Structure formats: structure tokens, C-alpha cells
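# Predicted model, plus sequence, below.
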Amino acid sequence: MPPSNHNRAAGTGKRRGAATAAGNGAPLTSSVSSRVLPHSVEAEEGLLACCILDSGDILSRCMEARLTSEAFYVPAHQILFEALMEINERRAAVDEIILAEELKNRKQFEEIGGFPFINRITDRVETTAHANHFLEIVREKYLLRRLIRSATGTVERCFGFEGGLENFLEEVEQEIFKISEDRISDASKPIKESVREAYTLVQKLLERRGELSGITSGFVDLDKMTNGFHDQEMIVVAARPSMGKTSLALNMAEAVAVPKKDKKPVPTLIFSLEMSSQQLAMRMMCGLARVSLVRLRDGISSAEEKQSLLNAADELSKAPLWIDDSGHLTILELRAKARRLAAQRNLGLVIVDYLQLISGLDNSVQREQQISEISRGLKAMAKELNLPVVVLGQLNRESERERRQPRLSDLRESGAIEQDADVVLLLARPKDASEESSVASDRADLIVAKQRNGPVGTVKLTFIKEITRFENFTSQPD
């Protein structure tokens with residue numbers, strides 16, 4: 001054969017080989033199957049570790065992104081994700097022990113590699129800061145694998161095509177569209193559903209005939225302005241030091257948790273990062289009994305006061321009230337504790353005293369960034385547990401320096417608090433209320449500086465210094 005013919009034949013052979021690899025069903029399949037499908041073991045492990053660290057928030061993000069166990073390439077990762085989802089559906093907290101028990105119940109614990117495997121996953125990351133990054137990688141690789149399988153199947157079907165091109169193209173288009181559709185989480189819904197929900201709420205409001213739609217704060221004028229504290233709301237109460245933030249929060253806790261004849265008590269959890277549970281209990285007991293803590297410390301008390309303290313102790317003992325005075329809590333630890341108690345006790349209110357004392361997850365980042373993450377975490381907790389969260393916070397010194405009432409911009413360390421909060425209450429003493437006043441009760445101003453679903457303004461309160469207690473405003477001391 002002449003060289004030119006030989007070369008032409010060889011070239012033809014190469015083209016035929018290429019056509020076979022790109023066109024013939026069997027060679028193409030073997031070509032694809034011989035290559036490793038797109039995946040990232042590191043991203044899968046990172047995402048699973050984040051799910052274990054903060055199951056409520058991260059699993060919610062996974063569900064919003066329509067992520068299923070099939071999105072994970074490693075079979076053991078699929079099993080682990082299914083177990084995490086099962087635990088989350090029961091609204092239970094997640095840790096290594098609970099996860100191991102769930103896997104044992106499913107008879108899959110040894111299959112995935114036992115505790116060494118779980119420990120390797122949990123040691124993968126220390127914070128959930130990169131959870132969204134891991135989620136996007138896992139989701140992207142999953143969609144690419146689906147696209148490869150769909151495209152490969154389409155090519156094979158093309159070679160076996162026998163007729164009905166329009167129907168065939170329609171099927172192929174639907175398959176590709178389904179993959180594309182799953183890229184976007186479907187949070188939208190028809191307006192008629194929203195209208196139905198809104199009208200149901202309107203009916204409830206009309207049936208109450210002016211009654212509160214949320215839980216009471218304990219202060220009549222504040223309740224009129226806010227209509228109570230509502231589920232999923234983050235309520236920030238901020239003030240300068242020694243203005244009475246803790247006392248105000250304890251008064252709110254007492255109003256909802258201490259049993260009353262006409263109201264069912266609301267289970268309440270207080271996180272006290274500054275004071276011990278004994279100190280808080282003492283304050284609440286003295287406030288409820290209307291006995292001066294100073295007199296009590298000096299050993300001065302009448303028989304009547306002793307009886308009042310005994311009655312107050314009995315009332316508080318019956319209240320569905322829990323105090324966690326753990327120090328150095330991170331937002332993940334705080335949310336895990338609240339989630340666990342909420343699952344056991346049907347919580348109705350969480351109080352955090354106070355935001356700036358919560359430890360950051362990553363000390364290498366700026367404090368403002370840490371506070372932003374903590375603020376978002378508290379708001380996410382309110383939504384996850386479906387209850388109001390009252391968060392105490394500090395104000396900066398600007399209002400004192402400028403001798404004015406505080407405003408939103410005075411919130412200390414981060415504008416994220418202002419952004420995340422549904423209601424912001426700023427506690428202040430008016431200029432005419434002097435700390436050196438000899439009067440037993442003074443006026444305090446509770447400024448409603450922000451409210452997503454209502455008016456803003458100032459609510460007057462009466463502060464009884466002797467028993468460090470806030471009450472509904474009266475022009476004369478009790």
C-alpha cells in the first residue's frame with residue numbers, strides 16, 4: 001500500500017476509533033465508568049462535621065438546598081447524613097454518643113467504622129464558619145454526577161433509537177430540566193397560601209378581642225405597644241452597666257413563669273453568663289417578696305418579711321424555670337443546651353444575660369465579626385425553637401458622653417445586633433431621675449427603638465431601688 005494510502009487508512013482508523021469512543025454505546029460507557037465521578041471527600045466530611053456541631057441550623061440549610069443522602073459520594077457519609085436527619089426530625093440534640101446510638105439502632109454503626117470514623121469526622125472542623133462553602137461543593141459535585149449519568153444514558157439511548165423523536169427529545173429535556181430545577185431551593189409558594197395563613201391570624205386576633213397575641217412582658221404599657229413577645233422573635237434589651245438589665249429580665253421571667261390563678265406558666269430558660277444561679281434566685285425571691293436584699297444581708301428582717309420570703313420561695317419552686325450559669329459558653333453550646341431542654345420541657349421563652357459575654361467560635365477573627373455570628377445564631381435559635389428569645393446587651397459610652405438618651409447606633413460592638421433583632425428595647429434613666437435621690441422609687445424609660453411589626457416610642461416604668469425591681473409606671477412610689 002502506498003504511504004499516502006497507508007496514512008489515509010491510518011487516519012481513517014483513528015477517526016473511526018474516535019467515533020466509536022464518542023458515539024458507540026458500549027465503548028462510551030466503559031470510558032465514563034473507568035473515570036472517577038466528581039466528588040470531594042474533604043467537603044463531605046467538613047459538611048457532616050458542621051451538621052454534628054450545629055445540627056439544627058446546618059441541617060436546615062441542607063434541607064433548604066434540597067440536599068439528600070444521595071448527594072454524598074461516600075456510602076458511609078450517606079449513612080451518617082441519614083442518621084443525622086432522623087435525629088433532627090425528632091428535634092433532639094446531636095453529639096457523638098447520640099449519633100452512635102442512632103447508628104446502632106439502625107444496625108449500621110460497625111458498617112461505617114464505629115467511633116474512630118465518627119471521631120475523624122468531628123475532628124475535621126472546629127467551627128461552622130465554612131458550612132456554606134462545604135454545602136455548595138457537595139451539592140455541585142452531586143449535580144455534576146447526575147448530569148453525567150443522564151447524559152451518558154441519553155447517548156446510549158440515541159444509538160438504540162427506533163422512532164418517536166419528538167417524545168424522545170421531550171424526555172431528555174425533562175431529565176435535564178429536573179437537574180437544573182434542583183439547583184434552586186423552592187421557598188416560594190402561591191399567594192393564596194399566604195393569604196389563608198394571614199386570614200387565620202386575623203381571625204385569631206379578632207377572637208382575642210384585644211388580648212395579647214404573644215406572651216406578656218409583665219409590663220402593661222410595653223405589651224400594648226408590642227402585643228406581647230412572639231414566637232421566632234429576637235428581643236434585645238440593651239443598656240449601660242448598672243442600669244438594671246438583669247433585674248428587668250428577671251421581672252419578665254417572673255411574669256411568664258411563676259404560676260398565677262388566671263394564667264398558665266410558660267416554661268422559661270435563663271442563660272446567666274455573669275451571675276450565679278443562686279444570686280439570680282435570691283434576687284427573684286426578694287423581688288417577689290418585696291424584701292430589701294440589703295436589709296437581708298444586714299440580718300434585719302421582720303416576721304412578716306420572713307413569711308413573705310417563705311411564700312416567695314414556695315412560688316418560685318413551683319415555677320417551670322431553669323437557670324444555666326455556665327461560663328464561657330459558645331453560641332453552639334448555648335443553642336445545643338436550649339435545643340435539648342426545649343425537646344424535653346416544651347420551652348416558651350429563652351433569656352440570655354448577656355450577648356457580649358458569649359465566647360466566640362474563632363478567636364483569630366475580630367470581635368465584631370464574632371458578635372455578628374453570635375447574633376445570627378441567637379436569631380436562628382429563636383426560629384428553630386419557635387419561641388421568643390430575650391437577649392440582654394451592652395450599649396457603648398456615646399450616650400453618656402453626649403448626655404442624651406440612648407439610640408440604636410449605641411449598640412456595642414456590632415451593627416448585626418440591630419439588623420438581626422425584631423425588637424430592640426433600650427433601658428435608660430431620664431435626666432430628672434437621679435441615682436442619689438432619696439425617693440424609694442424612680443422613673444425609668446424603656447425605649448422601643450425598633451419593632452418590625454409595630455410602632456416605636458418610649459414606655460415609662462417605675463424602678464424600686466430598694467428591691468431592684470421594675471414595675472408598671474405610677475406617679476407615686478408604692
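Yes, it's here. On a predicted model such as this, the values are computed, not experimentally measured, just so you know.
# alpha carbons only for contacts and neighbour counts from here, please
Will do.
# Would you map out the domains in the chain?
For the chain, automatic domain parsing gives the domain ranges 41-181, 211-472.
# which stretches of the stretch 1-150 of the chain form helices?
3-23, 25-33, 41-53, 55-64, 75-89, 96-105, 109-112, 114-122, 131-159 (DSSP state H, counting those that start in this stretch).
# ok so, going back, just say which of the domains of the chain is most tucked in.
domain 211-472 (a mean of 18; mean count of other C-alpha atoms under 10 Å).
# Relative to the whole chain's centre, how far out is the one helix or strand residue 314 maps to?
Assigned by DSSP states H and E, residue 314 belongs to helix 303-318. Computed by C-alpha atoms, centre = their mean, to the nearest Å, the separation of helix 303-318 from the middle of its chain amounts to 37 Å.
# average pLDDT for it?
In this model, helix 303-318 has a mean pLDDT of 85.
# what about dumping the CA coordinates of that helix to CSV?
This file holds the C-alpha atoms of helix 303-318, laid out as CSV (Å, rounded to 0.1, in the frame of the first residue of the first chain):
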residue,chain,number,x,y,z
ALA,A,303,-41.6,38.2,111.0
GLU,A,304,-43.7,39.5,108.2
GLU,A,305,-40.8,39.7,105.8
LYS,A,306,-39.7,36.2,106.7
GLN,A,307,-43.1,34.9,105.9
SER,A,308,-43.1,36.8,102.6
LEU,A,309,-39.7,35.3,101.7
LEU,A,310,-41.0,31.8,102.6
ASN,A,311,-44.1,32.3,100.3
ALA,A,312,-41.9,33.6,97.5
ALA,A,313,-39.6,30.7,97.8
ASP,A,314,-42.6,28.3,97.5
GLU,A,315,-43.9,30.1,94.5
LEU,A,316,-40.6,30.1,92.7
SER,A,317,-40.0,26.4,93.5
LYS,A,318,-43.2,25.6,91.6
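# Looking at the domains of the chain, which is nearest to residue 35?
domain 41-181 (11.3 Å; C-alpha to C-alpha).
# List the contacts of the spatially most central residue of the chain.
Compute the mean C-alpha point of the chain, and by C-alpha atoms, centre = their mean the closest residue is residue 380, 2.1 Å away. Listed by C-alpha atoms under 8 Å, 6 or more residues apart in numbering, the contact partners of residue 380 are residue 57.
# helix/strand/coil for it?
helix (DSSP: H, G, I helix; E, B strand; the rest coil).
# where does residue 184 land on pLDDT?
Predicted confidence (pLDDT) for residue 184: 54.
# about what we covered before: I'd like the helices of the stretch 1-150 of the chain as a markdown table, with distance to residue 391 and mean pLDDT appended.
As requested, the helices of the stretch 1-150 of the chain are exported to a markdown table (distance: least, C-alpha to C-alpha, whole Å; pLDDT from 0 to 100):
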| stretch | distance to residue 391 | mean pLDDT |
| --- | --- | --- |
| helix 3-23 | 63 | 37 |
| helix 25-33 | 55 | 48 |
| helix 41-53 | 22 | 91 |
| helix 55-64 | 19 | 79 |
| helix 75-89 | 25 | 88 |
| helix 96-105 | 29 | 88 |
| helix 109-112 | 40 | 88 |
| helix 114-122 | 30 | 88 |
| helix 131-159 | 25 | 88 |
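# Present those helices as a markdown table; the columns should include distance to residue 345.
Listed next are these as a markdown table, based on distance: least, C-alpha to C-alpha, whole Å:
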| stretch | distance to residue 345 |
| --- | --- |
| helix 3-23 | 62 |
| helix 25-33 | 53 |
| helix 41-53 | 22 |
| helix 55-64 | 18 |
| helix 75-89 | 17 |
| helix 96-105 | 19 |
| helix 109-112 | 30 |
| helix 114-122 | 28 |
| helix 131-159 | 30 |
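# Report the strands that pair with the next helix-or-strand element following the helix holding residue 314, each with its relative direction.
Going down the chain from helix 303-318, the next helix or strand is strand 321-324, by DSSP H and E. Here strand 321-324 is paired, per DSSP bridges, with strand 268-272 (parallel).
# Now residue 286: which helix or strand?
Per DSSP H and E: helix 277-289 holds residue 286.
# That helix vs helix 303-318, what angle?
Calculated by axes from the mean of the first three to the mean of the last three C-alpha atoms, to 10 degrees, helix 277-289 forms an angle of 120 degrees with helix 303-318.
# Who are the packing partners of helix 277-289?
helix 245-257, helix 303-318 (3 or more C-alpha pairs under 8 Å, 6 or more residues apart in numbering; DSSP states H and E).
# make it 6 Å
helix 303-318 (3 or more C-alpha pairs under 6 Å, 6 or more residues apart in numbering; DSSP states H and E).
# re earlier: ok, residues contacting the following helix or strand past the helix holding residue 286?
Where DSSP H and E defines the elements, the next helix or strand beyond helix 277-289 is helix 293-297. Outside helix 293-297, not one residue touches it by C-alpha atoms under 6 Å, 6 or more residues apart in numbering.
# next one: stretch 459-474
Against stretch 459-474 from outside (C-alpha under 6 Å, 6+ apart): 219, 287, 292, 441-446.
# One more pass at 7 Å, please.
219-222, 247-248, 251, 286-287, 290-293, 440-447 (C-alpha atoms under 7 Å, 6 or more residues apart in numbering).
# For the closest residue to residue 359 other than its chain neighbours, give its distance to residue 350.
Nearest non-adjacent residue to residue 359, counting by C-alpha to C-alpha, 6 or more residues apart in numbering: residue 330, 4.7 Å away. Distance, residue 330 to residue 350, by C-alpha to C-alpha, to the nearest Å: 16 Å.
# Residue 126 now?
26 Å.
# With residue 314 instead?
23 Å.
# Run through the neighbouring helices and strands of the helix holding residue 314.
helix 277-289 (3 or more C-alpha pairs under 7 Å, 6 or more residues apart in numbering; DSSP states H and E).
# Report the contact partners of the residue nearest to residue 359.
Counting by C-alpha under 7 Å, 6+ apart, residue 330 has contacts 358-361.
# Nearest to residue 131 among the residues you listed?
residue 361 (13.4 Å).
# I'd say the closest one and residue 129 touch.
No - Residue 361 is beyond contact range of residue 129, at 8.6 Å (criterion: C-alpha atoms under 7 Å).
# Mind checking the pLDDT average for the biggest strand by length in the chain?
In the chain, with assignment by DSSP state E, the single longest strand is strand 441-451. The pLDDT scores in strand 441-451 average 84.
# contacts for stretch 103-112?
In contact with stretch 103-112 (C-alpha under 7 Å, 6+ apart) are residues 76, 83, 100.
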